[in-house]
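Everything below, folded, please.
(one chain, ligands or ions: 1)
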Amino acid sequence: MIIPYALIQKKKRGEALASEEMRQFFKGYLDGTVADYQMSAFLMAVCFQGLNSEEVDQLTQIMMESGKRFDFSGAPKTPRVDKHSTGGVGDKLTLIIVPMVMAGGIQVPMICGRGLGHTGGTIDKLESIPGFRTDKSLREATEQVKRLGAVILGQTPELDPLDSRLYHLRDVTATVDCLPLIASSIMSKKIAEGIQGLVLDVKVGTGAFQKTLGEAQDLARELIRIGERFGVHTVALLTRMDEPLGESVGNRLEVLEAMEVLKGKSGVVRDLSLTLAGWMFYLGKKASSAEEGFQRAQKILDSGQAYSQWERLVSAQGGDLSQLLLAQFPSAQLSSEKRPVEVWRSPTDGFVESMNGEEIGIASIELGAGRRSLEDSIDPDAGLRILRHTGDKVSKGEPLVELYACDEKSVPKALARLTSAYRFSNVPPQTQPLILGVMDKDGIHPISGR
Ligand code: URA
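Numbering: from 1, shown residues only. Okay, the predicted model is just below:
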């Protein structure tokens, strides 16, 4: 039997741990013989000393095996491919991509998270649809994937319970932002899904956790390495996240924007959704290239099939879209839209030079769209509508952002965040492409065309 103190000491000195001692240590944590304070000390030692590749693989495997996994044995051979975003502001792409690839014959057994820090989470967005259940049992979820083609679940006690416990502990011990812990945590859940392919959307910029291209590449490289090691063909798109993706930030507002895109709205949200779906078709062998996959996704979106799949998915998980529209617009019977509680206007003439995505994410949390602590509840209607983005010409007094909240007392703090988030200039700024590169196990490749 290992002595927890000795194992923590070993990691503190930067020594490598044997697979068996790691297994015993984490098993001890699950059965209560290793205490929270010992695990906290261990996690902090990992933050300073890191883990080597064997240790990361071992931790990924231990986490994955701590719970059940999706089991598709005996089911017809349909490709299963997932997408994972490392987190951003206004990122509603999953809600568009999943119905698109379902319609094209790819199955998606997706496990997602809630909002984290200044970023939003897919589970919070979906739960803003009245009745939507993200806590189906693994048996129900597997049955839904086989019958319908997809499920979107939150983390339940059945799936990867070790990650769930470690994540809560990391959240309160300042050990979240540690690359080997992040990579093993993400990949243990993805591998438990029983997928053959994974497309990562690794965000870079002020609204992402990885602020520089170098940090994003390091994370992408490790996620790809783990995926390939466990037999999941993994590619990563490095995408810019300096400003919110699209027009809305906030749970119900984002669901409504995703539905507009599913019904044909153009713009960056549509373009990036098609690109990521294109890669999913390629990994699922439904297209001979990502470009061909893009064309396939575009046809599906434009034909209305993706919107029909969205309606099927929502209804299979108990959601009621008619109630969503009533909830967002409570006076819908009178056909008048819900009004913003405040409009932030341009303080100057000129151009929007830059926007700080993290500040904008925090502004939406101030309004009630996210949690300040784990116990906080979310106001599903709260958030922002971004009317002007980087590069746009603006005139003094012109509306830039609409603010939505139940509690109007939250507005001044949100306005202060918006004021610090926007920078203006007299000349048009240089804009960067949305997609900065594609990575796979062979390295980074510049993106050609889209
Ligand atoms: N998302 C996860 O699932 N785990 C992390 O550690 C960070 C982000």
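
Identify the residue spatially nearest to the residue of the chain found nearest the ligand, adjacent ones excluded.
Going by C-beta to the nearest ligand atom, the ligand is nearest to Ser185 of the chain, at 3.5 Å. No exception for glycine: its C-beta is placed from N, CA and C like everyone else's. Leaving out its chain neighbours, the residue that sits closest to Ser185 by C-beta to C-beta, 6 or more residues apart in numbering is Asp163, at 5.2 Å.

what's the neighbour count on that neighbour?
27 (other C-beta atoms under 10 Å).

gap between it and Thr60?
Using C-beta to C-beta, to the nearest Å, Asp163 is found at 10 Å from Thr60.

Give me the common contacts of these two.
Ser188 (C-beta atoms under 8 Å, 6 or more residues apart in numbering).

domain assignment for the protein?
Using automatic domain parsing, the domain parsing of the chain gives 4-50, 81-323+435-445, 337-425.

just how off-centre is the last one within its chain?
Averaging C-alpha coordinates over domain 337-425 and over its chain gives two centres that are 21 Å apart (C-alpha atoms, centre = their mean, to the nearest Å).

So for it, mean pLDDT?
Here domain 337-425 scores 93 as its mean pLDDT.

what's the answer for the longest one, then?
Averaged over domain 81-323+435-445, pLDDT sits at 95.

Kindly report the same for the first one.
Domain 4-50 comes out with an average pLDDT of 97.

on that earlier part again, save the domains of the chain as JSON lines, and put in distance to Gly74 too.
Output for the domains of the chain, formatted as JSON lines (distance: least, C-beta to C-beta, whole Å):
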{"stretch": "domain 4-50", "distance to Gly74": "30"}
{"stretch": "domain 81-323+435-445", "distance to Gly74": "10"}
{"stretch": "domain 337-425", "distance to Gly74": "39"}
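
distance between the helix or strand harbouring the residue nearest to Ser185 and the chain's centre?
In this structure, Asp163 sits in helix 161-172 according to DSSP states H and E. Centroid separation between helix 161-172 and its chain, computed with C-alpha atoms, centre = their mean, is 18 Å.

what does this protein have sitting close to the ligand?
Gly113, Leu181, Ile182, Ser185, Ile186 (C-beta under 6 Å from any ligand atom).

From those residues, pick the one nearest Ile360.
Nearest to Ile360 among the residues of the chain next to the ligand is Gly113, at 19.9 Å by C-beta to C-beta.

before we move on, back to that, quick one: residues contacting the residue nearest to Ser185.
By C-beta under 8 Å, 6+ apart, the neighbours of Asp163 are Met63, Ser66, Gln155, Ser185, Ser188, Lys189.

got it, and Val343?
Val343 neighbours (C-beta under 8 Å, 6+ apart): Pro399, Val401, Glu402, Leu403.

ok, back up a step: buried sites along the helix holding Asp163?
Pro161, Leu162, Asp163, Ser164, Arg165, Leu166, Tyr167, Leu169, Arg170 (16 or more other C-beta atoms under 10 Å).

rewinding a little: mind checking which of the residues of the chain next to the ligand land in helices?
Assigned to helices by DSSP state H, the following of those qualify: Leu181, Ile182, Ser185, Ile186.

I'd say the third one and Tyr167 touch.
Spelled out, that is Ser185. Yes: contact criterion C-beta atoms under 8 Å: Ser185 and Tyr167 qualify, at 6.3 Å.

quick one, strands of the stretch 1-150 of the chain?
Assigned by DSSP state E, counting those that start in this stretch, the strands in the stretch 1-150 of the chain fall at 81-85, 108-111, 150-153.

Can you lay out those as TSV showing mean neighbour count?
As requested, the strands of the stretch 1-150 of the chain are arranged in TSV below (neighbours: other C-beta atoms under 10 Å):
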stretch	mean neighbour count
strand 81-85	25
strand 108-111	24
strand 150-153	25
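
Of all these, which one is nearest Ser364?
Closest to Ser364 of those is strand 81-85 (C-beta to C-beta; 16.9 Å).

Kindly indicate which of the contacts of Val343 lies nearest Tyr37.
Nearest to Tyr37 among the contacts of Val343 is Leu403, at 42.1 Å by C-beta to C-beta.

neighbours around the closest residue to that closest one other than its chain neighbours, how many?
Leaving aside its sequence neighbours, Leu403 sits nearest to Glu342 (C-beta to C-beta, 6+ apart; 4.3 Å). The tally of other residues near Glu342 (other C-beta under 10 Å) stands at 19.

so Glu342 makes contact with Leu415?
Yes: Glu342 is in contact with Leu415 according to C-beta under 8 Å; the separation is 7.0 Å.

State whether Ala174 is indeed within a strand.
No: the assignment for Ala174 (DSSP: H, G, I helix; E, B strand; the rest coil) gives coil, which keeps it out of a strand.

residue contacts, it?
With C-beta under 8 Å, 6+ apart, Ala174 has these contacts: Met44.

And Val108, by the same measure?
Taking C-beta under 8 Å, 6+ apart as the test, what Val108 contacts is Arg80, Val81, Asp82, Lys83, Val98, Val101, Met102, Val145, Gly149, Ala150, Val151, Ile152.

Could you pull up the residues touching the closest residue to it other than its chain neighbours?
Excluding its sequence neighbours, the residue lying closest to Val108 (C-beta to C-beta, 6+ apart) is Ala150, at 4.1 Å. By C-beta under 8 Å, 6+ apart, the contact list for Ala150 reads Val98, Pro99, Val101, Met102, Gln107, Val108, Pro109, Met110, Gln144, Gln309, Leu313.

change it to 6 Å
Residues near Ala150 by C-beta atoms under 6 Å, 6 or more residues apart in numbering: Val98, Met102, Val108, Leu313.

How far does the helix or strand where the last one lies sit from its chain's centre?
The reference is to Leu313. Here Leu313 sits within helix 305-316, counting by DSSP H and E. Offset of helix 305-316 from its chain centre (C-alpha atoms, centre = their mean): 20 Å.

Having no further points to raise, I will conclude here.
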